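Asker: Okay, sequence plus prediction incoming.
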Amino acid sequence: MNSGKPLTTKAIFRFWLPLAVTWLMMSVEGPYLSALIARLPEPEFNLAAYGIAFSLAMIFEAPVIMMMSASTALVTNYKSFLQLRRFNYLLIFLLTALLSFFCTPGIFYFITEKLIGLPVEVSHLTHIAVIILIPWPGAIGFRRFYQGILITHGLTKLVAYGTVIRLTSMSLTAFLLFVLTNVPGVVVGATALSTAVLCEAFASKIMAAKIVSGIKSETESIDTTLTQKNILKFYFPLALTSLLTLGIQPFVTFFIGQSRMAIESFAVMPVVTSLVFIFRAFGLSYQEVAIALSGDNFINYKKLKDFAVKLAAFSAGSLMLVAFTPLSEIWFKNVSGLSDSLTRFAGTPLKIMSFFPVLTVLVSFQRAILVKVKETKQITYGTAIEFFGIMIVVAISIKYFWLVGAVAATLAFAAGRIAACAYLMIPTKRALKPGRNLIQQV
């Protein structure tokens with residue numbers, strides 16, 4: 001996909017759309033499962049446990065999230081395929097072992113109850129859910145590796161088909177548990193998620209099998225010096241970026257636990273963030289698009305930038321339309337199943353996050369440019385700024401201004417992302433300078 005041929009807006013849209021649909025389908029998972037959990041017994045405890053368990057599982061998933069970008073950028077022939085696959089398998093094994101160790105009762109309850117300060121009822125439900133989610137990081141790493149290969153070969157539709165399988169299996173599992181069993185709501189959500197990602201992982205491998213066979217049979221005209229050491233040098237900053245991004249959740253959870261209306265905040269945060277994620281999906285799907293289509297010497301940069309501006313305006317405008325109109329009440333109360341009090345409570349955090357999709361498009365585009373020129377360390381630096389920005393803002397908001405937890409958290413997320421985007425403007429501009437050697441070997 002890097003032929004250097006200038007693109008049209010229509011071509012970008014056709015390449016991007018299946019990936020956007022993929023992210024949109026994934027974004028439905030949160031609201032759908034939250035709505036089921038909200039309609040089962042003890043919704044506040046189970047919603048809180050579901051949100052916390054998902055956040056904890058995402059921390060262990062974080063190092064493999066960028067595997068799609070790595071696969072898109074690095075797999076050029078069969079040798080590079082084998083090297084990156086080996087690296088991916090080692091990473092998956094390590095993360096699964098760490099998550100299993102974390103789930104041992106002594107460690108888990110010390111962290112969740114003693115350090116974070118979760119109520120006993122919420123901590124117990126969270127523990128059950130995290131155990132069920134042990135397959136999560138391995139399945140995500142496995143499927144994102146193969147999805148990157150599909151994207152490189154322009155088969156973004158197959159990525160969307162895999163997500164259809166994921167959403168279907170998740171919905172079927174959740175519905176059957178909801179109707180036929182009396183298990184807690186958090187068990188319904190966690191089991192559905194684990195089942196879904198496993199099904200999608202195997203589907204992605206099957207769909208990529210023909211491409212892999214083709215790569216294996218090709219005459220390797222592209223020289224590669226890709227080694228495990230080189231992959232680690234390239235990928236470590238990306239893994240650290242994701243780890244910092246998702247690792248902030250336990251810190252935010254800790255401060256929410258010390259805030260006013262902590263249980264209410266825990267209950268609405270997964271619902272609010274799930275809704276925001278739907279509109280962020282447009283920007284999240286754009287990173288691999290920009291990597292794959294930028295072309296040699298960023299010949300397609302202007303077209304990609306113009307498309308990104310339109311994408312940001314559409315996604316943020318749509319979310320604002322929901323946040324500042326009665327549509328938000330309809331979503332929280334009728335769709336998500338929140339009580340009247342929790343519906344009112346969720347309104348302010350949603351308004352604060354309403355412009356976040358703009359920042360998502362911007363940071364995805366910036367990261368794509370830096371991945372293209374192998375400046376992955378700059379991405380990590382930007383994320384570190386975001387991480388510490390969030391920590392500082394949420395701590396000050398709660399400890400000194402005594403803000404409600406959900407309000408403090410959303411303010412911190414917005415402030416941290418603004419700081420990161422501002423920092424990344426400098427290395428991104430430098431990467432785009434004429435004359436830079438953009439065709440680098442890892």
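Answerer: Nice, I can see it. Every value quoted in this text rests on a predicted model; they were computed, and no experiment measured them.
Asker: where's stretch 137-147 relative to the chain centroid, distance-wise?
Answerer: With Cα atoms, centre = their mean, to the nearest Å as the basis, stretch 137-147 stands 13 Å off its chain's centre.
Asker: go on, stretch 239-256?
Answerer: 12 Å.
Asker: Mean confidence (pLDDT) on it, please.
Answerer: Averaged over stretch 239-256, pLDDT sits at 83.
Asker: Now do the contacts for the residue nearest the centre of the chain.
Answerer: Geometric centre of the chain, nearest residue: residue 65, 7.1 Å, by Cα atoms, centre = their mean. Residue 65 is in contact with 140, 144, 242, 246, counting by Cβ atoms under 8 Å, 6 or more residues apart in numbering. Where you see a C-beta, it was placed from the backbone N, CA and C, and this is true even at glycine.
Asker: Pull the most distant pair out of those residues.
Answerer: 144 and 246 (14.4 Å; Cβ to Cβ).
Asker: who's more crowded, the two?
Answerer: It is residue 144, of residue 144 and residue 246, that has more neighbours when counted by other Cβ atoms under 10 Å, with 25 against 19.
Asker: ok now do that one, which residues does it touch?
Answerer: Residue 144 sits next to 64, 65, 67, 68, 71 when contact means Cβ under 8 Å, 6+ apart.
Asker: and the first one, how many residues sit next to it?
Answerer: Okay, so that is residue 64. By the criterion of other Cβ under 10 Å, residue 64 has 27 neighbours.
Asker: From residue 100, how far off is it?
Answerer: Distance, residue 64 to residue 100, using Cβ to Cβ, to the nearest Å: 16 Å.
Asker: Repeat that for residue 238.
Answerer: For residue 238, the distance to residue 100 - Cβ to Cβ - is 24 Å.
Asker: Look at these two and report which has more neighbours.
Answerer: residue 238 (25 against 12).
Asker: which ones are touching that one?
Answerer: Listed by Cβ under 8 Å, 6+ apart, the contact set of residue 238 reads 66, 69, 70, 371, 376, 379, 380.
Asker: Name the helix or strand for it, please.
Answerer: Here residue 238 sits within helix 228-257, counting by DSSP states H and E.
Asker: ok and the helix or strand following that helix relative to helix 228-257, angle-wise?
Answerer: The first helix or strand that comes after helix 228-257 along the chain, using DSSP H and E, is helix 262-284. Computed by axes from the mean of the first three to the mean of the last three Cα atoms, to 10 degrees, the angle separating helix 262-284 from helix 228-257 equals 140 degrees.
Asker: related to what we said a few turns ago, select from the contacts of residue 144 every entry located in helices.
Answerer: Judged by DSSP state H, the subset of the contacts of residue 144 located in helices is 64, 65, 67, 68, 71.
Asker: wait, what's in contact with the fourth one?
Answerer: Think residue 68. Residues in contact with residue 68 (Cβ under 8 Å, 6+ apart) are 144, 145, 147, 148, 151, 288.
Asker: separation between residue 207 and residue 157?
Answerer: For residue 207, the distance to residue 157 - Cβ to Cβ - is 10 Å.
Asker: let me fix that: residue 75
Answerer: Residue 75 is 19 Å from residue 157, by Cβ to Cβ.
Asker: And those two? Which one has more around it.
Answerer: Neighbours were counted for residue 75 and for residue 157 using other Cβ under 10 Å; residue 75 has more, 25 against 17.
Asker: May I have the residues that are in contact with that one?
Answerer: Contacts for residue 75 were tallied using Cβ under 8 Å, 6+ apart; they are 81, 84, 148, 149, 152, 215.
Asker: buried set for the longest helix seen in the chain?
Answerer: Ranked by number of residues, the top helix in the chain under DSSP H is helix 185-217. Neighbour-count burial for helix 185-217 flags 185-201, 203-205, 207-208, 211-212, 215 (criterion: 16 or more other Cβ atoms under 10 Å).
Asker: Nice, that's everything, thank you.
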